[in-house]
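Participant: Here is my input; please provide its structure:
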Amino acid sequence: MPATIAKDDEGEEVKIGRGRAAVRLSISAGTVLNGPVRLTYRLEGRRELRRRLLALRQFEALVRLRRVPRPLAAPTLNADGPALLVRTLDALAVNTSTRAVAIALFGAHLVARDWDHDSDYLRMKTRRLIGVARRLVAGDYLALLTRGH
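Facilitator: This next block holds a predicted model:
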């Protein structure tokens, strides 16, 4: 099963698998690049509990079956995805930090409020968008047209 590691000034994100059946791990401390790791899972945050439990079920299925069954696959992207990618490319052209890109995409108010949120959702979303945008620039735009991101 393919794995991709995105590393930036905010940490690491590991994506295992492809498409909607991929599982993402946000690394809050340390690195997966230096050998075996011990994973812990945080469930705090009532608003995000359902989504986090789904992610945990996806990871368990991946470990047990070496794949994520279709009923557990992530929902498809919303219609704003392509426009958000274009805006990410624009933001990367003038910003160097992940936080600055997030401000350009989501606004200073949301970033000030949620950047250090317990769920880390905004950092992860921004890092994923930056990763996809960089892959597009590197020539992966044809794959995006055939499989989505």
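
Participant: any weak-confidence spans in this protein?
Facilitator: Scanning the chain for pLDDT under 70 picks out 74-80, 141-149.

Participant: Do you have the strands of it handy? List them.
Facilitator: Secondary structure of the chain (DSSP state E): strands located at 3-8, 11-16, 23-27.

Participant: Please list the outside residues in contact with the first one.
Facilitator: In this case it means strand 3-8. Here strand 3-8 makes contact (CB atoms under 8 Å, 6 or more residues apart in numbering) with 12-16, 31-33, 98, 127-128, 130-131. Using the backbone N, CA and C atoms, a C-beta is placed for each residue, glycine as well.

Participant: How many residues are close by residue 70?
Facilitator: Residues within reach of residue 70, counting by other CB atoms under 10 Å, total 8.

Participant: returning to that earlier point: now the buried members of the contacts of strand 3-8.
Facilitator: Buried by 16 or more other CB atoms under 10 Å: 12, 13, 14, 15, 16, 32, 98, 127, 128, 130, 131, out of the contacts of strand 3-8.

Participant: Apart from its neighbours in sequence, what residue is nearest the last one?
Facilitator: In other words, residue 131. Nearest non-adjacent residue to residue 131, counting by CB to CB, 6 or more residues apart in numbering: residue 6, 4.5 Å away.

Participant: mind checking the longest helix of this protein?
Facilitator: The helix that spans the most residues within the chain, counting by DSSP state H, is helix 49-65.

Participant: Please put the alpha-carbon coordinates of it into CSV.
Facilitator: Written as CSV, here are the backbone C-alpha positions of helix 49-65 (Å, rounded to 0.1, in the frame of the first residue of the first chain):
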residue,chain,number,x,y,z
LEU,A,49,-16.0,13.1,17.6
ARG,A,50,-18.0,11.4,14.8
ARG,A,51,-15.4,12.2,12.2
ARG,A,52,-12.5,11.1,14.5
LEU,A,53,-14.2,7.8,15.3
LEU,A,54,-14.7,7.2,11.5
ALA,A,55,-11.0,7.9,11.0
LEU,A,56,-10.1,5.4,13.8
ARG,A,57,-12.4,2.8,12.2
GLN,A,58,-10.7,3.4,8.8
PHE,A,59,-7.2,3.0,10.4
GLU,A,60,-8.3,-0.2,12.2
ALA,A,61,-9.6,-1.7,8.9
LEU,A,62,-6.4,-0.7,7.1
VAL,A,63,-4.3,-2.5,9.7
ARG,A,64,-6.6,-5.6,9.8
LEU,A,65,-7.5,-5.9,6.1
